[in-house]
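Colleague: Okay, predicted coordinates and the sequence, questions at the end:
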Number of protein chains: 2
Amino acid sequence: MKLLDIGEVCARANIAPSTLRYYDEIGLVSSVGRHGLRRQFSPEVLLQLALISMGKSAGFSLEEISRMFGRNGRPDLPRLLLHQKADALDRQIRELTALRDTLRHVAECPAPSHMECPTFRRLVQVASRRGGMASKRRK
Amino acid sequence: MKLLDIGEVCARANIAPSTLRYYDEIGLVSSVGRHGLRRQFSPEVLLQLALISMGKSAGFSLEEISRMFGRNGRPDLPRLLLHQKADALDRQIRELTALRDTLRHVAECPAPSHMECPTFRRLVQVASRRGGMASKRRK
DNA sequence: CTGCGACTTCAAGCCAACTTGAGGTCAAGC
DNA sequence: GCTTGACCTCAAGTTGGCTTGAAGTCGCAG
């Protein structure tokens, strides 16, 4: 299996070299060797980076991501916890859906202030009721 | 309409007072007056905070959020842009769905390393194909 | 009228996740 | 064999979104 050097990986994954080096440094991904000084990666890493990108966009920290997928694709989280993360994602998906609908509504609604539009209020209320104010951001 | 003082708002919205003061400071919400030194808010603010919470969980910056909903519920973004944000949300929702499915799979799959599991690879590939590596994080 | 506790301001601190800069190394093409 | 340009290291800086701490103010219960 042929290796990719860092530039190649960055180009394909659309990330900055500094980012990839950083990920390597913190052990989120690992290079399989060097060509001169240049880090070389197995093509696997592209899959991992896709996963990382998804995880980030879901709001997981790099820490969490690396615990979920390990650096070898082996999660070191128990099933239960993984299912909990999945459930949290479900909640977040519902929230995002509500937000999306709200945005579309805002784009169309002719009311002078949205706070006065009943449809808007209903959307937001529905949204915040489901999942009950998902407190993702607390330490 | 009766006003809420900061403590009340924080309790109901489940955020720290320092956070609310910060939001006030940057103009994301605004207090309608003072009771002594205490900020007082209109009940509206609870709705706004719900919106802010959703926006944050969608990965929008406070800046973006305030542009989307204004501090009075008036977006100062053109319709087109709002629709684009909504579309971006759609893409993100699809990504999150894929990630959720991947997580559930990881929790169940008996393969020694996920990188070797074809189901896993397919999930990730499908995921990263849709929306083509949503580059939300670039400046 | 005194004490209390929840607020206030302001500056500084903190964390994650990078980016930047200075100064150095290397392999490949001419 | 020399240049070039993409890489390297390491330390320091940056940004967003808060939190913390010190020192002060206020209104209300007792």
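Modeller: Cool, the structure landed. Residues are numbered from 1 along each chain as shown, chains lettered A, B, ... in the order given.
Colleague: where do the strands sit along chain A?
Modeller: A:4-5, A:33-35, A:38-41 (DSSP state E).
Colleague: anything in the longest one near chain B?
Modeller: No - residues of strand A:38-41 contacting chain B under C-beta under 8 Å from any C-beta of the partner chain: none, with a closest distance of 13.1 Å. Every C-beta, even on glycine, is put in place using the N, C-alpha and C of the backbone.
Colleague: ok, and what's touching that strand?
Modeller: A:3-6, A:9, A:20-21, A:24, A:29, A:31-34 (C-beta atoms under 8 Å, 6 or more residues apart in numbering or on different chains).
Colleague: Output the below-cut-off pLDDT ranges for chain A.
Modeller: A:1, A:71-76, A:127-139 (pLDDT under 70).
Colleague: residue in it nearest to DNA strand D?
Modeller: Nearest residue of chain A to DNA strand D: residue A:7, at 2.0 Å (C-beta to the nearest atom of the strand).
Colleague: any idea how far the residue lying closest to that residue once chain neighbours are set aside lies from chain B?
Modeller: Nearest residue to residue A:7, sequence neighbours excluded (C-beta to C-beta, 6 or more residues apart in numbering or on different chains): residue A:17, at 6.9 Å. According to C-beta to the nearest C-beta, to the nearest Å, residue A:17 stands 15 Å off from chain B.
Colleague: Contacts only, for residue A:17.
Modeller: Residue A:17 sits next to A:6, A:7, A:10 when contact means C-beta under 8 Å, 6+ apart.
Colleague: can I assume the first one is in contact with residue A:20?
Modeller: Yes - taking contact to mean C-beta atoms under 8 Å, the distance of 5.9 Å between residue A:6 and residue A:20 places them in contact.
Colleague: Look at those two and report which has more neighbours.
Modeller: Taking neighbours as other C-beta atoms under 10 Å in any protein chain shown, residue A:6 and residue A:20 compare with residue A:20 leading, 22 against 19.
Colleague: Is it correct that that one is in contact with residue A:26?
Modeller: No - counting by C-beta under 8 Å, residue A:26 is not a contact partner of residue A:20; they are 11.2 Å apart.
Colleague: elements contacting the longest helix seen in chain A?
Modeller: For chain A, the longest helix by residue count, based on DSSP state H, is helix A:79-108. Other helices and strands packing on helix A:79-108, by 3 or more C-beta pairs under 8 Å, 6 or more residues apart in numbering or on different chains; DSSP states H and E, are helix A:62-69, helix A:118-129, helix B:44-57, helix B:62-69, helix B:79-108.
Colleague: would TSV of those with distance to DNA strand D be doable?
Modeller: Formatted as TSV, these follow (distance: least, C-beta to the nearest atom of the strand, whole Å):
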stretch	distance to DNA strand D
helix A:62-69	14
helix A:118-129	16
helix B:44-57	6
helix B:62-69	4
helix B:79-108	15
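Colleague: and residue A:108, which of these is closest to it?
Modeller: Nearest of those to residue A:108, taken as C-beta to C-beta: helix B:79-108 at 7.6 Å.
Colleague: quick check: angle from that closest one to helix A:44-57?
Modeller: Counting by axes from the mean of the first three to the mean of the last three C-alpha atoms, to 10 degrees, helix B:79-108 lies at 120 degrees to helix A:44-57.
Colleague: Distance from helix B:79-108 to the middle of the chain?
Modeller: How far helix B:79-108 lies from its chain's middle: 13 Å, per C-alpha atoms, centre = their mean, to the nearest Å.
Colleague: quick one: it to helix B:62-69, angle?
Modeller: Inter-element angle recorded for helix B:79-108 and helix B:62-69: 120 degrees (by the same axes, to 10 degrees).
Colleague: Show me what from chain A comes close to DNA strand C.
Modeller: Chain A has residues A:16, A:18, A:19, A:21, A:22, A:35, A:36, A:37, A:56, A:61, A:62, A:63 near DNA strand C, with proximity defined as C-beta under 7 Å from any atom of the strand.
Colleague: Looking at these, state which has the most neighbours.
Modeller: residue A:56 (17 neighbours).
Colleague: gap between that one and residue A:47?
Modeller: Using C-beta to C-beta, to the nearest Å, residue A:56 is found at 15 Å from residue A:47.
Colleague: ditto for residue A:61
Modeller: In this view, residue A:61 and residue A:47 are 20 Å apart by C-beta to C-beta.
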